[in-house]
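A.B. asks: Quick check, what structure comes out for this input:
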Amino acid sequence: MGNRTGSADLPLHGGFVPPWLVTRMASLGRVVVEAIVHHYGRDELLRRLAHPFWFQSFGAVMGMDWHSSGITTSVIGALKRGLSPIQSELGLYVCGGRGKHSRRTPDELIQVGERTGLDASPLVRVSRLVAKVDSAAVQDGFDLYLHSFIVTDDAKWCVVQQGMSDARGEARRYHWLSEDLQSFLDSPHTAIEGKNKGVIVNLADARAARNRAAGLELLDHGPDLTISVLKRLRDSTNITTGRHPSINRRALGQTSTALSLFPELELEPAPPPPAKDTPPLPHLHMPAHHDVRASDVVLRRLHGVLAAAADRGPKDFTDLLLSPGVGARTVASLALVAEVVHGTPSRFSDPARFSMAHGGKDGHPFPVPLRVYDETIRVLRSAVDRAKLGNADRLHAIQRLDRESRTLEKAASGPAFDEYVRSERAKSPDYDGRTVSPA
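C.D. replies: All right, here's what the predicted structure looks like:
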């Protein structure tokens, strides 16, 4: 059974992703995916994409707005563009997307089947069923507008889809994973991102089996029973307070059906869900403020990255960093990218920290340093290409950089967070820093 991995609040943001960032996100997304597949395989990549904390960190390291719902659309778009030329080589296909692209998912899956020999019919059914579960079976006030289906040529898949609530100014992202999935109607999500507000009807929950059965029972008995139940419910409702008075089962007539459909009428509480031998799931709260603050970052981890860049850079990257003035800075970005490739789930509790690699398009925490961004892509691209030819020395050097960051963070000290951000802003012109703002 798939497990939830956490939840988060995602503020809705308008705006657009400029072409100069679109192309770089596609390039960085592609090479990061290649590195993960090289080290850990495609199954692990699907697990990462199905992890909401990792997904948000991945978008932040790409230079998107670190906290907003726009990361979902941008990351999916970047992967779709970046992986398209090598999808057959990787055996990995990104289908669907936002708006009209989401409706093309079945056709794209059929095309994947034609190219790979996969039977696409079950995948098309899964795509439609997943979308229906999160739009109809889970009624949480968010309307789906994005549906992306990532599938491998051996029929393993993950789904990332997102809904929005204009009234709340929030988005909710849903993650699905085929691994160990046994049912689409017994708590199948690996994660549902978003803060609970108001009543949520979740017929996909394992505890809603009685409700689903009752719904089918009503259909089997025709409209008369449904109308009878609704009339009795209306007559029994306190119009002044909107609350149900004490009701006995005999008064409702068709007791088992009515009480299953309206569990709030139960005189006896429903049994609690079975206890699990797992710790409480983390909750990721993405705040509304645009600026990245010290409270959004685990500072010791950032200090570890900076210390590792100063320590390992001269030893491992002398022959790679050829652009004057950005070498040490590029190593720091590479350390954060390396963590996205190699980090364990607990490392992604502060997605804001990954915006320290390449800033953000809206200028927070600082403008996107294009020279640094391009160097990061060049170094990682060179390492992956050499690994494909059987020489993984540079890719292993980047992995060592990640290990060094984790070791040094235990004792490393560094500048105060605000001081570090001010320093990056001051250096922004030297790095060709750019934002979506013309100023």
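
A.B. asks: What residues does residue 407 make contact with?
C.D. replies: Contact analysis of residue 407 by CB atoms under 8 Å, 6 or more residues apart in numbering lists 304, 308. (Glycine included, C-beta is placed from N, CA and C.)

A.B. asks: So it versus residue 401, what's the distance?
C.D. replies: According to CB to CB, to the nearest Å, residue 407 stands 11 Å off from residue 401.

A.B. asks: And residue 165, by the same measure?
C.D. replies: From residue 165 over to residue 401 the distance is 41 Å, taken as CB to CB.

A.B. asks: Give the residues shared as contacts by residue 407 and residue 401.
C.D. replies: When contacts are counted by CB under 8 Å, 6+ apart, residue 407 and residue 401 have residue 308 as shared neighbours.

A.B. asks: what's residue 90 sitting at in phi/psi?
C.D. replies: According to degrees, to the nearest 10, the main-chain angles of residue 90 amount to phi -80, psi -20.

A.B. asks: What is the neighbour count of it?
C.D. replies: Neighbours of residue 90 under the rule other CB atoms under 10 Å: 16.

A.B. asks: Can we start the residue count at 605 from this point?
C.D. replies: Noted, 605 is the first residue going forward, which turns the last one into residue 694.

A.B. asks: Which residues are in contact with the nearest residue to it once chain neighbours are set aside?
C.D. replies: Leaving aside its chain neighbours, residue 694 sits nearest to residue 641 (6.1 Å; criterion: CB to CB, 6 or more residues apart in numbering). Residue 641 makes contact with 649, 694, 696, according to CB under 8 Å, 6+ apart.

A.B. asks: ok, 10 Å please
C.D. replies: 647-649, 693-696, 988 (CB atoms under 10 Å, 6 or more residues apart in numbering).

A.B. asks: And residue 699, by the same measure?
C.D. replies: By CB under 10 Å, 6+ apart, the residues touching residue 699 are 680, 684, 705-706, 708-716, 727, 731, 751-755, 761, 763.

A.B. asks: How about the secondary structure of it?
C.D. replies: Using DSSP: H, G, I helix; E, B strand; the rest coil, the structure places residue 699 in strand.

A.B. asks: try residue 896
C.D. replies: Assigned with three-state DSSP, residue 896 falls in the coil class.

A.B. asks: send the alpha carbons of the longest helix belonging to the chain over as CSV?
C.D. replies: Identified as the longest helix of the chain according to DSSP state H is helix 623-644. The C-alpha trace of helix 623-644 is given here as CSV (Å, rounded to 0.1, in the frame of the first residue of the first chain):
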residue,chain,number,x,y,z
PRO,A,623,12.6,31.8,-21.6
TRP,A,624,16.1,32.3,-20.2
LEU,A,625,15.1,30.2,-17.2
VAL,A,626,12.9,27.7,-19.1
THR,A,627,15.9,26.5,-21.1
ARG,A,628,18.1,26.2,-18.1
MET,A,629,15.6,24.4,-16.0
ALA,A,630,15.2,21.8,-18.8
SER,A,631,18.9,21.3,-19.0
LEU,A,632,19.5,21.1,-15.3
GLY,A,633,16.4,18.8,-14.8
ARG,A,634,17.6,16.5,-17.5
VAL,A,635,21.2,16.1,-16.2
VAL,A,636,20.0,15.7,-12.6
VAL,A,637,17.6,12.9,-13.7
GLU,A,638,20.4,11.2,-15.6
ALA,A,639,22.7,11.4,-12.6
ILE,A,640,20.0,9.8,-10.3
VAL,A,641,19.2,7.1,-12.8
HIS,A,642,23.0,6.4,-13.2
HIS,A,643,23.5,6.1,-9.5
TYR,A,644,20.2,4.6,-8.3
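
A.B. asks: Counting neighbours, which bits of that helix end up buried?
C.D. replies: Neighbour-count burial for helix 623-644 flags 625, 628-641, 643 (criterion: 16 or more other CB atoms under 10 Å).

A.B. asks: can I see the domain layout of the chain?
C.D. replies: Domains of the chain are assigned by automatic domain parsing as 611-807, 813-869, 898-1038.

A.B. asks: Of all the ones you listed, which one is nearest residue 891?
C.D. replies: domain 611-807 (6.4 Å; CB to CB).

A.B. asks: the more surrounded of residue 769 and residue 1005?
C.D. replies: A direct count of neighbours by other CB under 10 Å for residue 769 and residue 1005 places residue 1005 higher, at 27 against 16.
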